[in-house]
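Sequence plus predicted model, see below.
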Amino acid sequence: EAQVTQNPRYLITVTGKKLTVTCSQNMNHEYMSWYRQDPGLGLRQIYYSMNVEVTDKGDVPEGYKVSRKEKRNFPLILESPSPNQTSLYFCASSLSRTNTEAFFGQGTRLTVV
Amino acid sequence: DAKTTQPTSMDCAEGRAANLPCNHSTISGNEYVYWYRQIHSQGPQYIIHGLKNNETNEMASLIITEDRKSSTLILPHATLRDTAVYYCISGGTSYGKLTFGQGTILTVHP
């Protein structure tokens, strides 16, 4: 089954404690992205990756890092989480840059206290 | 990417067709119209997309006006499980980026 898998689904952490949210897709997609969703602000792109070792900033990259060492994995790293990063996070993948049939993970609800 | 305008909310009776409008008056000739939906904080789900012609798949139909300034997503027989936020996205994509607006909250009533 084609899918994008995020882990964990829920996470409560404390300010400053480094964390990683994993994302994996099994469709051999080139493009992967991370979004955050906040009430009243909708879905906003954090980072994207066009292929292995190729990543770039989206609209709200501050406080986040990503890596793309393998095609299937695109982890989101919060080196020093802060309460304003409390949000619902989604990973997405698509076949190519011009193909907007994106597949989304089930989301990770992060709370930073 | 072209900006889209959708009604904030709509209601539909179960079993009836749900017609969700979207205005994209600034769309350019090579930009597509895409529809996604999001059910209760789950990941957005692709529904359908089109350029000029009307499109139909197992989930929905997409009707695009001749001038391409607006479109309508049709769910032919809405069910309670179709209650969701529906997003209309027009334009090309920049490196896989999807620019979501606020969408339409569709509520399907028994």
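Nice, thanks for sending it over.

Could you list the low-confidence segments of chain A?
A:97-100 (pLDDT under 70).

Which of the helices or strands spans the closest residue to B:Q42 other than its chain neighbours?
Nearest residue to B:Q42, sequence neighbours excluded (C-beta to C-beta, 6 or more residues apart in numbering or on different chains): A:Q106, at 6.1 Å. For the C-beta atoms, the positions are set from N, CA and C on the backbone; glycine is no exception. Assigned by DSSP states H and E, A:Q106 belongs to no helix or strand.

shouldn't A:Q106 be in contact with B:S41?
No. Using C-beta atoms under 8 Å, A:Q106 is not in contact with B:S41; the gap is 9.4 Å.

Compare the two and say which is more crowded by neighbours.
The neighbour count for A:Q106 versus B:S41, taken as other C-beta atoms under 10 Å in any protein chain shown, is higher for A:Q106 (15 against 12).

Next, count neighbours for the closest residue to chain A within chain B.
Of the residues in chain B, the one nearest chain A is B:G43, at a distance of 3.1 Å by C-beta to the nearest C-beta. By other C-beta under 10 Å, the residues close to B:G43 number 21.

Pop out the phi and psi values for it.
phi -70, psi 140 (degrees, to the nearest 10).

Leaving out chain neighbours, which residue sits closest to it?
Nearest to B:G43 is A:F104, by C-beta to C-beta, 6+ apart, at 3.1 Å.

didn't the one you found look like it was pressed against B:P44?
Yes. If you go by C-beta under 8 Å, A:F104 and B:P44 touch, sitting 5.0 Å apart.

so what's in contact with the two at the same time?
Contact with both A:F104 and B:P44 is made by residues A:F90, A:A92, according to C-beta atoms under 8 Å, 6 or more residues apart in numbering or on different chains.

Mind giving me the packing neighbours of the helix or strand containing A:Y48?
A:Y48 belongs to strand A:42-51 when assigned by DSSP H and E. Where contact means 3 or more C-beta pairs under 8 Å, 6 or more residues apart in numbering or on different chains; DSSP states H and E, strand A:42-51 is packed against strand A:31-38, strand A:54-57, strand A:65-66.

Could you list the residues of chain A in contact with chain B?
Within chain A, the positions near chain B by C-beta under 8 Å from any C-beta of the partner chain are A:4, A:31-33, A:37, A:42-43, A:45, A:48, A:50, A:56, A:58, A:88, A:90, A:92, A:94, A:97-98, A:100-107, A:109.

Could I have the PyMOL command that selects the buried members from the residues you listed?
Under the burial definition 16 or more other C-beta atoms under 10 Å in any protein chain shown, those of these that qualify are selected in PyMOL by:
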select buried, chain A and resi 4+31+32+33+37+42+43+45+48+50+58+88+90+92+94+97+100+102+103+104+105+107
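
Going by neighbour count, list what's buried in stretch A:23-43.
A:23-25, A:29-37, A:42-43.

Whether the helix or strand bottoming out on mean pLDDT in chain B contacts chain A - can you check?
Ranked by mean pLDDT, DSSP states H and E, the helix or strand of chain B with the weakest confidence is strand B:84-91, at a mean of 89. Yes. Interface with chain A: strand B:84-91 contributes B:I89 (C-beta under 8 Å from any C-beta).

Report the angle between that strand and strand A:42-51.
50 degrees (axes from the mean of the first three to the mean of the last three C-alpha atoms, to 10 degrees).

Would you mind putting the CA coordinates of strand B:84-91 into CSV?
Output of strand B:84-91 as CSV, limited to C-alpha atoms (Å, rounded to 0.1, in the frame of the first residue of the first chain):
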residue,chain,number,x,y,z
ALA,B,84,-14.3,17.6,5.9
VAL,B,85,-12.5,20.8,4.9
TYR,B,86,-12.2,21.0,1.2
TYR,B,87,-9.3,22.9,-0.3
CYS,B,88,-9.2,24.3,-3.8
ILE,B,89,-5.6,25.0,-5.0
SER,B,90,-4.8,26.6,-8.3
GLY,B,91,-1.5,27.2,-10.0
